[in-house]
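Visitor: fold the following and give me the result.
(3 chains, ligands or ions: 8)
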Amino acid sequence: MKEERKHKKAKKYGMVIDLDKCTGCGACMVACMAENNVPFRADESDKLLSITWMRVYKLTNGEPFPKTDVCYLPRPCMHCEGHGGHSPCVSVCPAIATDYSAETGIVSQIYTRCFGCRYCMASCPYHARYFNWWDPVWPDGMEKYLSPNVSPRMRGVVEKCSFCFHRYQLAKEKAFMEGRREVDEDEYQTSCTQACPAGAITFGDLNNPRHAVYKKKKDPNAFRLLERLGTNPKVYYLSSREWVRWAGDNYLADEGKLKKAMHHG
Amino acid sequence: MKICRRSFLSFLIGGAAGTTISPLPWKVTDDLSIWTQMWPWTPVPEDGEISYVNSVCTLCPGGCGITVRKINDRAVKIEGMKGHPVNDGGICILGLSGLQLLYGPTRVKTPLKRMGKRGQGRWEKISWDDAVSEVAKKLGDLRSKGQSHNVGFISGSDRGTTPLLLDRFLTVYGSPNLMRMPSILDSYELTLYLMQGVRALPGFDLENADFVLSFGSGIIDGWGSPVRMFKANSNWCSAGAKVIQVEPRLSNTAAKSDKWIPINPGTEAALALGLAHVIIEKSLHNPVFVSKFSVGFNDWKRLVLNNYDPDSVAAITGIDKTTIVTLAREFARASKPLAICGRGRGNTPGSLDEFMAVHALNALVGNINKKGGVWAVTETDYVNWPEPEMDATAAAGMQNERLDGAGSKKYPFTRCLLNRFPAAIDSGKKYPLEALFVVGANPLYSMPDSKAVKKAFDKIPFVVSFSSYMDETAQNADLILPNHTYLERYEDVPTPAGLTKPVIGLSKPAVEPQFNTKHFGDVIILTAKALGGNLADAFPWDSYETCLKETLGDKWKTLVAEGYWSDPDFRAPAWETSFDTPSGKFEFINSDTGLLPQFTPVKIEGDKESYPLVLIPYDSIRLASGFIGDPPFVIKTVEDTVLKGKDVFVELNSKTARAQGLREGQYAMLNTPKGKANVRIHLFDGIMPGIVALPRGLGHAAYDKYLADKGVNLNELIGPVEDHASGMDAAWGIRVKLSKA
Amino acid sequence: MDSALIPKGVKRCPLWQFVLFVGAVGVVLLWGVYAMLLCWIKGLNQTNMNDFYGFALWIWADLTVIALGGGAFFTGLLRYIFGKEVLKNIINYAVLIGFICYSSALLILAYDVGQPLRGWFIFWHANVHSMLTEVAFCLTCYFGVLTIEFIPLILENRLINRVRFFHHLGHNMHEIMAVFAATGAFLSFFHQGSLGGVPGVLFGRPFAFREGLFIWPWTFFLFTWSAAACGPCFTILITKITEAVTRKKLVKDDAVELLAKISGWMILTYIIAKTIDTLYWATVTVPSKGFALEFFYSNNPLYGYWILFAEIVICGFVPAAILIFKKGRKNPVTLWIAVILAVVGVCLNRWAMVLQVMAAPVLTFESWVMYFPSWQEIATTILPVAYGIILIAIAHRYLPVFPNEPELNPLETIIAEEQEPEEAEAEPLVDQEQELKPAEA
Ligand SMILES: Nc1nc2c(c(=O)[nH]1)N[C@H]1C(S)=C(S)[C@@H](COP(=O)(O)OP(=O)(O)OC[C@H]3O[C@@H](n4cnc5c(=O)[nH]c(N)nc54)[C@H](O)[C@@H]3O)O[C@H]1N2
Ligand SMILES: Nc1nc2c(c(=O)[nH]1)N[C@H]1C(S)=C(S)[C@@H](COP(=O)(O)OP(=O)(O)OC[C@H]3O[C@@H](n4cnc5c(=O)[nH]c(N)nc54)[C@H](O)[C@@H]3O)O[C@H]1N2
Ligand code: SF4
Ligand code: SF4
Ligand code: SF4
Ligand code: SF4
Ligand code: SF4
Ligand SMILES: [Mo]
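Guide: Ligands and ions are numbered 1, 2, ... in the order given. A predicted model of the protein is given here:
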């Protein structure tokens, strides 16, 4: 009975990414592209035009040889909750083409609703949103691998990480067919989480004490990106390195000695 | 009716108002917006029945289990196979992109015969019958002229039924010239043979080690079986195992390690011996192993104590003395220490000294064939075909010394020396090569000193590629007999690199062959049958599939059902039975040859005056550098500080850059004794001053627009350096000059 | 040839000259139209925008023309609501300029969005939380108001006015213009404000973000204020340019001076508010997000403190000072300087609030990204300018835009000088009296 009531609590899907484990291998990036029919072009080296729902950043501590250090930081959409679901991007979209789900905490993106004003991109400090500047074109024959679960986007609309929402839908359908109300932790996992060979990504319901993320997010080494802005992101990071934790947000010079080393290096 | 101005204007206004009120504009507007949602040029993937095929990825030696998700007859996603002994659900960036290779534009869709000049790209489509009879005719002619040994084969692998069919074919045909692409496995195998007397694969019990000392091995940069290495690395992270990375550049592996120790490149063996010095001097070594299960220790000990004291080693390696001493102590005192070597991904076999020195470190702490240590893993013997009959021609052909000199008096224990092959062809001293066949390898791209390799190829009258993709070698061949890709064919995958337990994987056709390709195994069988005689007799199977089923016997069922077979009872032999040397013990000094762990500097090409800097290659998991080029998804992940447009960046310490007057992003000319290239500068302080680092895996001339003409192929700038002991390529870099472009 | 269309009592250049001029500007217009078609057919890859610069030149142009078009609502407000009668001599032109600015703004939006055919979703699926929704609604409504305000002027064309229906329509519309002026002022207040809200609400972008009042960030009020302050300067500037081009005095000095004076005080109060806003932002808002002011002005090759100085001092306090003092606004040279500076000031402000916002990184591991527009963006941005010039040229030629013109440039002298034979052949007028009346009823 009590269990039932607990279940009714809204879900808040989120991630905890262990940066100590992340090797920067990029498997999460490709797992995402392969799962979500992300297009590609002959030259993808201009990162300001390259669609990568998941992008792995390379951070350096800015110290000279041999004290130099490097850390990789995978950045999906943070599925910001803001205050009361007012994510930076959701509140600005004039056409409700992106929305915050109170049921799952997932920030959706409706490609057929989006008319490409790009206001959401301007609002997102994480650069998690990508515009389809070109028509997506697959080399002849390669459309064969496109998944029917995620519709390819047309030119002129914005796209971003969906926390593989289609997987949630499929899992829910399956649970429903089996007469269950709830989707188990392992039934709904994102493509990047699944693929990560280092097991650096943990995904689950941040509100559910039985999910691994619940405990991990409380780790003393946990932090979120740009928390000070009030975006209230649902992606947490873990790092045992202080400079990495400092790199997660902006600080004034007098707020920390380490600051100078990494700020916008 | 007369249309006056007023009635005309009224008509216009009335019409406009009428149209606005009518549903027409709204309908049109709505339809137009709907049309944008299903533009006919935006594909709509067809839905259908979902199914899964478990198979094995062979895009690298990793041998990961994969699960291919299908919708009807289309493969739509590759995922790591849960529960597979190698990767347990994990997968790498390349494996994830496999479908882009399967369905990609680089596929060779049918057998092709060259029309124009070599490399011109003009091809004639031919039938499989014609293709096979052309090959059989060429081989038959050579054989009848007694020139069977003038045929060579370059193969990506020499393990598993397909390579063994090839081996059998060449034996019965009469050519000793089967060459496998080089890698650190060559050095490891030789080390195990020289020090333990066994022909075996090295296995590393990484999961159980608690102190990993890596001499430049790219643990998370593609070394060994990549996904397994990633997992091991994570486990160390959770379990608190210590990882020490010794290399001149802050690679990803170094960045993830607990301690990065920059070292003068090429001096790793000296460090290993310096550590041995401290361990021996402080008696920190395993007394049981050293006294009861080894020979030659005392002689070697003298050498080490005399020559490799921390001060001398500090001078050679550039690592300070206290670091050396501390490291030695930590290593020896750890409960399960493990030392590994082989730079980066392990493309270059390297200096045998280094492998023996590192292996000696493992021996000193007694972690040979122990939990958390180095194991010698013997090949699972499932290929038991009847010994083939050889006729006189074959016997005569096999009498010839190999073209590359492997197994010769100079290098008696080395099996392949592909690095010496271009020079051998070029000099034409031994005998000419009349025909060369290349399978599962792309030597024109992946062998050092591309110019020399190309020159050698130009001298061979008949070159055949079995590549599934239009790679550099295929592009320059006379005939292409495209193999099925790994997602379209059966193939057994023997124990992947570095595993401690024998595992056999089975690649299965996840989809029907997409084009008019043929399994390489079938091509061997067909060719043998076309040649007739002993050759036909040696290949009694009607197809490769029959051969494979028969060969695997009772394992076939397990393999089809589970996707892999592993030996649950496998244990590394105890020290008493581990060593197959004359003494039956571990040999610190090989009794046959006197080869022992020491430090003989490998001199790289170029003089200091003309070439003041040193170029070292580096590997990145995001750049496939051998077997296969980066598919579009993978190249998309390459950072813009590595590749921008068509330009590749070299990494340079900011101090060195300042001294050279070079700034971030600037164009520069990179000159080496082997060639030159236009590059851009990326300042990175995670690299020793005086060193220039260039990634492997770029600069392809072949494949498609998603990969070709991006950056520079490192192999055009570097040449092999022959190791004094093994003859294998031991080059760790080359001297260079960097000037403003 | 087209004399029948030309207002009574004014002199216009020969038709060939007019056609040549419009044709020349028309070429530029066509270039812009070609670029616009490229953007529509091939998509926004024709621009140099990217995933960092989702907003770029166009959005700047949009915000800017709307600010500059603010002269229309503010002059209307002064004229109709506050009863500044002298402004009747400039109100027509203010409305025309406003009309051009707002139609341009809508046009820019039509090619700025990635899916123009779905543009109407903004109304159909409106999100009440979005400043852009507010902008779209107010902008469209206000454009309607401007059109209504503009129509009577069109109806005053000599030929159209002959039609009785249009004549009365125009007359009646004049009667109720105060209602529209009031509506326009109200709508403008909100949409100018919501444009300010567009950057101001971006709480993920500390450079743009402003705290505020109720649901509105301070930029909401600052944008309205600055549009009211600088819009009239743009009206004056365009008037002065028109006068220079036509080599005629078109508006009486008292109208210009009054507008300039009010503008001066508006600019002064605005720039004081802007200074306070900047100080608060720099000392409270930005540090609370972990940024120091110098980060935004010294970490990149383009956006230095100069931009702040230029906007607030050179293009703020200086024109305010000039316009407030009689001497300053009466002297033609300083008046020119002042209105130009004020216009540049508001352009700079909108530039910073769009482009500098995009350029500045927020994640500590990203860096400043610079941007330069593609020719297609430049051509499409010049397109409205060409369109504006052409519309002004046509309106000036055929509509009684400047009620003072006949008075300030008596026809007799002109005729005496260079004879105008066609004038005599002109058709008899239906309503001679109405013809020469200024735009108010
Ligand atoms: N990313 C990436 N992936 C790659 C590649 C790449 O370049 N990049 N390369 C690809 C290529 S080309 C290949 S072929 C695979 C190779 O991958 P593997 O199949 O792993 O090949 P090796 O590890 O070289 O196998 C050689 C081993 O066979 C054993 N051996 C030697 N001689 C004999 C013998 O006579 N009998 C028996 N039973 N065993 C013997 C030795 O112990 C030796 O260690 O990896 C592929 N994967
Ligand atoms: N980076 C990297 N380098 C390695 C290794 C590694 O793991 N990583 N491993 C080392 C090892 S073990 C080896 S053996 C050598 C490999 O030898 P390499 O020097 O790497 O030879 P490749 O360039 O791999 O040539 C293989 C070619 O086979 C073709 N090919 C690809 N897929 C298929 C297929 O499914 N069927 C057939 N028939 N052909 C195919 C492609 O055209 C490809 O170019 O490289 C060594 N170097
Ligand atoms: S897949 Fe895992 S280890 Fe690799 S980059 Fe992504 S998070 Fe890091
Ligand atoms: S990360 Fe960006 S796109 Fe994702 S919810 Fe937050 S603001 Fe929106
Ligand atoms: S680009 Fe699309 S999702 Fe983003 S704000 Fe505009 S309509 Fe909404
Ligand atoms: S959660 Fe899904 S959509 Fe988001 S980055 Fe991972 S794979 Fe991509
Ligand atoms: S590591 Fe090698 S075998 Fe494993 S998935 Fe990647 S490419 Fe395939
Ligand atoms: Mo290989």
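
Visitor: neighbours around the spatially closest residue to residue B:432 that is not a sequence neighbour, how many?
Guide: Distances taken as C-beta to C-beta, 6 or more residues apart in numbering or on different chains place residue B:150 nearest to residue B:432, at 6.1 Å, with adjacent residues excluded. (C-beta placed from N, C-alpha, C; glycine too.) Here the count is done by other C-beta atoms under 10 Å in any protein chain shown, and residue B:150 has 23 residues near it.

Visitor: tell me the phi and psi of residue B:150?
Guide: Dihedral pair for residue B:150: phi -80, psi 10, per degrees, to the nearest 10.

Visitor: that one is in contact with residue B:428, isn't it?
Guide: No: counting by C-beta atoms under 8 Å, residue B:150 does not reach residue B:428; the two are 11.3 Å apart.

Visitor: state the distance from the residue nearest to residue B:432 to residue B:477.
Guide: Going from residue B:150 to residue B:477 by C-beta to C-beta, to the nearest Å gives 17 Å.

Visitor: and the residue of chain C that's closest to ligand 4?
Guide: residue C:204 (5.9 Å; C-beta to the nearest ligand atom).

Visitor: in this structure that residue contacts residue A:233, no?
Guide: No: using C-beta under 8 Å, residue C:204 is not in contact with residue A:233, being 10.3 Å away.

Visitor: anything in stretch B:628-645 sitting right up against chain A?
Guide: Yes: for stretch B:628-645, a contact with chain A is found by C-beta under 8 Å from any C-beta of the partner chain, at B:632-641, B:643-645.

Visitor: who wins for neighbours among these?
Guide: That'd be residue B:634 among the residues of stretch B:628-645 next to chain A, by other C-beta under 10 Å, with 29 neighbours.

Visitor: any weak-confidence spans in the stretch 1-150 of chain B?
Guide: B:1-9, B:12 (pLDDT under 70).

Visitor: and the stretch 151-265 of chain A, which residues reach ligand 4?
Guide: Neighbours of ligand 4 within the stretch 151-265 of chain A, by C-beta under 6 Å from any ligand atom: A:160, A:231.

Visitor: which residues in the stretch 151-265 of chain A form strands?
Guide: Taking DSSP state E, counting those that start in this stretch to define them, one finds strands in the stretch 151-265 of chain A at A:158-159, A:201-205, A:222-223, A:235-238.

Visitor: can you put the ones you listed in JSON lines and add mean neighbour count?
Guide: Compiled in JSON lines, the strands of the stretch 151-265 of chain A are given as follows (neighbours: other C-beta atoms under 10 Å in any protein chain shown):
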{"stretch": "strand A:158-159", "mean neighbour count": "24"}
{"stretch": "strand A:201-205", "mean neighbour count": "24"}
{"stretch": "strand A:222-223", "mean neighbour count": "18"}
{"stretch": "strand A:235-238", "mean neighbour count": "25"}
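
Visitor: what's the burial count for the closest residue to chain C within the stretch 101-250 of chain A?
Guide: Chain C sits closest to residue A:116 of the stretch 101-250 of chain A, with a gap of 2.1 Å, by C-beta to the nearest C-beta. Residues lying near residue A:116 (other C-beta under 10 Å) number 27.

Visitor: again with residue B:469
Guide: 24.

Visitor: need the strands for chain C, in chain order.
Guide: Using DSSP state E, the strands of chain C run over residues C:212-213, C:216-217.

Visitor: the last one: partners in the sheet, and parallel or antiparallel?
Guide: Listed by DSSP bridges, the sheet partners of strand C:216-217 and their directions read strand C:212-213 (antiparallel).

Visitor: check the gap between the residue of chain C closest to ligand 4 and residue B:700 for me.
Guide: 40 Å.

Visitor: the two: which is more packed in?
Guide: Neighbour count, other C-beta under 10 Å: between residue C:204 and residue B:700, residue C:204 has more, with 24 against 21.

Visitor: tell me who's in contact with the more buried one.
Guide: When contacts are counted by C-beta atoms under 8 Å, 6 or more residues apart in numbering or on different chains, residue C:204 touches A:88, A:123, A:124, A:125, A:126, A:226, A:229, A:231, C:362.

Visitor: how's chain B carved up into domains?
Guide: Annotated domains of chain B cover B:112-184+B:381-566, B:201-377+B:583-587, B:613-740 [automatic domain parsing].

Visitor: minimum distance to ligand 8: which of those domains has it?
Guide: Among the domains of chain B, the nearest to ligand 8 by C-beta to the ion is domain B:112-184+B:381-566 (4.2 Å).

Visitor: can you get me the start-to-end distance on the closest one?
Guide: End-to-end distance for domain B:112-184+B:381-566, by C-alpha to C-alpha, to the nearest Å: 40 Å.

Visitor: touching ligand 1 at all, it?
Guide: Yes: if you take C-beta under 6 Å from any ligand atom as the test, domain B:112-184+B:381-566 does meet ligand 1, through B:156, B:157, B:158, B:159, B:181, B:183, B:440, B:441, B:496, B:497.

Visitor: surely residue B:598 is within a helix?
Guide: No: remark: residue B:598 does not belong to a helix; assigned using DSSP: H, G, I helix; E, B strand; the rest coil, it is coil.

Visitor: count the neighbours of the residue nearest to it when sequence neighbours are not counted for me.
Guide: Nearest non-adjacent residue to residue B:598, counting by C-beta to C-beta, 6+ apart: residue B:353, 5.7 Å away. For residue B:353, the tally of surrounding residues (other C-beta under 10 Å) stands at 27.
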